[in-house]
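**Student:** The following comprises the amino acid sequence and a computationally predicted model.
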Amino acid sequence: GSSALQSRSIGVRHLRTLNASNTQVKDFVLSNTGNELIWKTPGSIVGPEHRLEVNVADYGALGDGVTDDTAAIQAAIDATSDGGGVVLPRGVFMVRSLKIKKHGTTLVGSARRGTRLVRISGTEPLIDISGTGTLDDHIKYCSITNLMLSGNNLPGVLLRSYFADNCVYREVNFVHCVGT
């Protein structure tokens, strides 16, 4: 019974799994089905919808200074779980407006002058990290690091952060912003 497990250690050779004996298992995680143990790949345990870090390039952002990367970057932001990081490699990412909706989301560029978000059109905030007026709906613990935010000399604010608690902005440049 359970006292036998508590009094001695067990190893992998003691485990009975549901995988077929001819199945090659590598880069595995031991999981369970509720009744039995089974080896799974890390991706099957933590699916893409729960990744802690995503790269905008994996969602189609080009950062070429020409292409509208708004949809790709927003998809990457939306794909993170609470506390997830969104990595923006070196490049010039043309965007209209990005909305951070989950607690703990982090936007991380490669370098303050090497990763730029540039307004392509519109007057919405380039980045919006805002919750609502009720205490339970404040957005919390978000951050932006190593990014240059450029208004491209167009109207509109670069960063809006209302009802946002404990947010950190580190190594962020704000350039070419004419305001509203």
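**Tutor:** That came in fine, so what should we check first?
**Student:** List the single closest residue to Ala71 in space, sequence neighbours excluded.
**Tutor:** Spatial nearest neighbour of Ala71, chain neighbours left out: Gly60 (7.7 Å); criterion: C-beta to C-beta, 6 or more residues apart in numbering. For glycine as for every other residue, the C-beta is placed from the backbone atoms N, C-alpha and C.
**Student:** And the one you found, how far from Tyr162?
**Tutor:** According to C-beta to C-beta, to the nearest Å, Gly60 stands 30 Å off from Tyr162.
**Student:** ok, now Ala61?
**Tutor:** Following C-beta to C-beta, the distance that separates Ala61 from Tyr162 is 26 Å.
**Student:** Of these two, give the one with the bigger neighbour count.
**Tutor:** Ala61 (25 against 13; other C-beta atoms under 10 Å).
**Student:** Which pLDDT value belongs to the more buried one?
**Tutor:** pLDDT, Ala61: 97.
**Student:** Can you tell me how far it is from Asp165?
**Tutor:** 28 Å.
**Student:** For Asn166, the count of nearby residues, please.
**Tutor:** 12.
**Student:** Also Val92?
**Tutor:** Count around Val92 with other C-beta under 10 Å applied: 18.
**Student:** Now do Leu147 against His138, distance only.
**Tutor:** 23 Å.
**Student:** Please identify which of the two sits among more neighbours.
**Tutor:** Leu147 (26 against 16).
**Student:** these two touch, right, the more buried one and Val86?
**Tutor:** No. Under the criterion of C-beta atoms under 8 Å, Leu147 makes no contact with Val86, lying 10.6 Å away.
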